[in-house]
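> build the 3D model from these lines:
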Amino acid sequence: MIRLPLFVGFVGSLLLLSGCSSINTASEGVVSALTPYRNDIVQGNVVTREQFELLRTGMTRQQVRGILGTALLTSIFHADRWDYVFTLKRQGVEPQTRKVQVFFKNDVLERTESDPLPTESEFVATLRK
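Reported below is the predicted structural model:
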């Protein structure tokens, strides 16, 4: 025979536990609606269209470094290539990534490759949004 106080305690425990799950679900909804502010993350070398247009074949490594700055990536496997990589991550916006590659032959600039680059004013405008 089941004792009434034991049965009532068991049913009461079940009711309390089911209440906790609905509170938990409601609190998750509130937390997901209130997203924290995230700072913009700017990483790498910003290379603008104006800087890129200053590059000329035949320039020395030092001249290129003077215009673009020190390359973010240099590889011992590709000693004649410098990679300038820039990433901008902003809350609610797709991350932007731009790459510029500079190729040297006999320590002078041979050729360049680049993603579409913003002008300086276009880049500053993206930071203000």
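
> list the beta-bridge partners for L109.
F104 (DSSP bridges).

> which SS state does H78 fall under?
When classified by DSSP: H, G, I helix; E, B strand; the rest coil, H78 comes out as coil.

> just the pLDDT for it.
Here the pLDDT value assigned to H78 is 84.

> now A26
On the pLDDT scale, A26 is placed at 57.

> list the residues that contact the residue nearest the centre of the chain.
In the chain, the residue lying closest to the centroid (C-alpha atoms, centre = their mean) is K89, at 3.8 Å. Going by C-beta atoms under 8 Å, 6 or more residues apart in numbering, K89 touches D40, I41, Q43, P95. Where you see a C-beta, it was placed from the backbone N, CA and C, and this is true even at glycine.

> helix or strand for it, which one?
K89 is part of strand 81-90 when elements are defined by DSSP states H and E.

> so what touches stretch 61-73?
44-45, 47, 51-52, 54-55, 82-85, 100, 102, 104, 107-109.

> from D40, how far out is L72?
Computed as C-beta to C-beta, to the nearest Å, the L72 to D40 distance reads 18 Å.

> settle it for me: which of these two has more neighbours?
L72 (15 against 12; other C-beta atoms under 10 Å).

> what segments of this protein are helices?
4-33, 49-53, 61-68, 120-128 (DSSP state H).
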